[in-house]
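> Below are the sequence and a predicted model; questions follow.
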Amino acid sequence: MPTSAATVLSPLPSAAEPAEAPEGFRVPALREGAETTRRIGSDAEAIAVAREVAAELAKEAALRDRERRLPFRELDLVSNAGLLAITVPKAYGGAGVKSATVAEVIALLAAADGSIGQIPQNHFFMLEALRLNGSEAQKRFFYERILAGERIGNALSELGTKTAHDHATRLTRTPAGLRVNGRKFYSTGVLFAHWIAVVANDDDGRSTVAFLPRDTNGITVIDDWTGFGQRTTGSGSTLFEDVAVHPFSVLSMAALFEVPTSMGPFAQIMHAGVDAGIARGALAEAVAFVRKYTRPWKESGLDHGYEDPHIIAQIGELKIAVDAADALIERAGRFVDIATESPSAETVATASIAVAEAKIAATDASLFVSEKLIDLGGSRSTLSEFDLDRYWRNARTHTVHDPVRWKYRVVGNYWLNGVNPPRHGAI
């Protein structure tokens, strides 16, 4: 698949010292448009910009989903707006926004286009790994690339392993240096990425992540994602065949969960944001469609469908579900920020539970509202020209990412028995 041309060679201004990669590390040219990428400086600005970008993304969202038009241009719009750099710490020239702001930005994008809203989650997840466990030199180098609008794609999950969190991909030492071999699936965003973050077990069986340029020899990205929802996330296969890896690219993934860190709850609050955004988008469509098209039942004696007291009540019910999910995400964000600033077994556990509660509510809202959108819209709402089923398809596809049945269990065990949840990226 094509990627953005890389022609800009001039360095960008940065609050940190210029980044210098070590000898032997291949440094790709900055992406085209890097010199004009916006620098967002605050939480309020991030949300305002996300609203502007979302309005553009919404215009052809149905068409992209219906025809599976991959959003290369749209993701360049997100990059150019500076939205993919909002978690870069202030000390390195970024905005260092709050966790709830990240979730809100994702929700705004997902309300406009559920597929595009999911893509930044993996990008920010890997940036959090860099913040927590990267060396100073790694941070200076990769943060500069992110501030230039470059995107990180996810090569984490695999098919055929015992669980979705097991990895057969290996990073091994050879006489010629480090090499990675394996095959990934659910590689969200890799089709559109400048960097691929590949998770692999090293010779000692410990989980690592390596940040590799998208065009590195031996990497093959295959557009074979056939999910009925989230159709344009690019979540297909990534093949690594004897790919050379410079040690500068590598950091420990295992270490992120061996001690209490905010990694898990931060990852999950973004997933909650995706679901909440899909629910918001479905609710907005329901209101607009009912107002414009829904006809009254013949025995009601009403002139318009929007006067039907049953429909009115159900719209109220949908709004309450969406607002409840939003409120729980905002609340959870405060706990994640506390865990980020003062990580401990208790602060991380509290954040994980608050996020799990928010994720449950957002999952329920996205499925409930997207299904009721069709119910309240009536037969006309099923026509392909409207593509309204994309909200339910997107919600159902994304919400199976981490099953909420296990989140109910850890929430109950925490409040009933005082048992802290496990530490990993899915809770």
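Perfect, I can see it now.
> SS state for the spatially most central residue of the chain?
Nearest to the geometric centre of the chain sits Gln121, at 1.7 Å (C-alpha atoms, centre = their mean). Counting by DSSP: H, G, I helix; E, B strand; the rest coil, the backbone at Gln121 sits in helix.
> Excluding chain neighbours, give the residue nearest to it in space.
Met270 (4.4 Å; C-beta to C-beta, 6 or more residues apart in numbering). For glycine as for every other residue, the C-beta is placed from the backbone atoms N, C-alpha and C.
> neighbours around that neighbour, how many?
Residue neighbour count, defined by other C-beta atoms under 10 Å, stands at 27 for Met270.
> In this structure it contacts Phe124, no?
Yes: Met270 is within contact range of Phe124, at 6.1 Å (criterion: C-beta atoms under 8 Å).
> In three-state terms, label the residue nearest to Gln121 for me.
At Met270, secondary structure determined by three-state DSSP is helix.
> do you know how far it is from Ile278?
Distance, Met270 to Ile278, by C-beta to C-beta, to the nearest Å: 13 Å.
> sorry, back to before: contacting residues around the residue nearest to Gln121?
Neighbouring residues of Met270 by C-beta atoms under 8 Å, 6 or more residues apart in numbering: 102-103, 106, 120-121, 124-125.
> Among those residues, which ones are in helices?
Among those, DSSP state H puts 102-103, 106, 120-121, 124-125 in helices.
> Of those, which pair is most distant in space?
Spanning the widest gap among those are Ala103 and Phe125, at 12.7 Å by C-beta to C-beta.
> Looking only at neighbour counts, state which of the two leads.
Using other C-beta under 10 Å, the more surrounded residue of Ala103 and Phe125 is Ala103, with 31 against 22.
> And the pLDDT at that one?
Looking at Ala103, its pLDDT reads 98.
> my read: it touches Ala267, true?
No: counting by C-beta under 8 Å, Ala103 stays clear of Ala267, with 11.1 Å between them.
> what residues go with each domain of the protein?
Here the domain assignment for the chain is 34-151, 170-253, 259-417, based on automatic domain parsing.
> Looking at stretch 404-423 now, give me its mean pLDDT.
Over the span of stretch 404-423, the pLDDT mean works out to 97.
> CA atoms only for that stretch, dumped as CSV, please.
Output of stretch 404-423 as CSV, limited to C-alpha atoms (Å, rounded to 0.1, in the frame of the first residue of the first chain):
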residue,chain,number,x,y,z
VAL,A,404,-16.5,-7.1,29.5
ARG,A,405,-17.5,-10.4,31.2
TRP,A,406,-14.0,-10.5,32.7
LYS,A,407,-14.3,-6.8,33.7
TYR,A,408,-17.5,-7.5,35.7
ARG,A,409,-15.6,-10.1,37.5
VAL,A,410,-12.6,-8.0,38.5
VAL,A,411,-14.8,-5.1,39.5
GLY,A,412,-16.9,-7.3,41.7
ASN,A,413,-13.9,-9.0,43.2
TYR,A,414,-12.3,-5.7,44.0
TRP,A,415,-15.4,-4.2,45.8
LEU,A,416,-16.5,-7.5,47.4
ASN,A,417,-13.2,-9.1,48.4
GLY,A,418,-10.7,-6.4,48.2
VAL,A,419,-8.7,-8.2,45.4
ASN,A,420,-6.7,-6.0,43.1
PRO,A,421,-7.1,-6.6,39.4
PRO,A,422,-4.2,-8.2,37.5
ARG,A,423,-1.7,-5.9,35.8
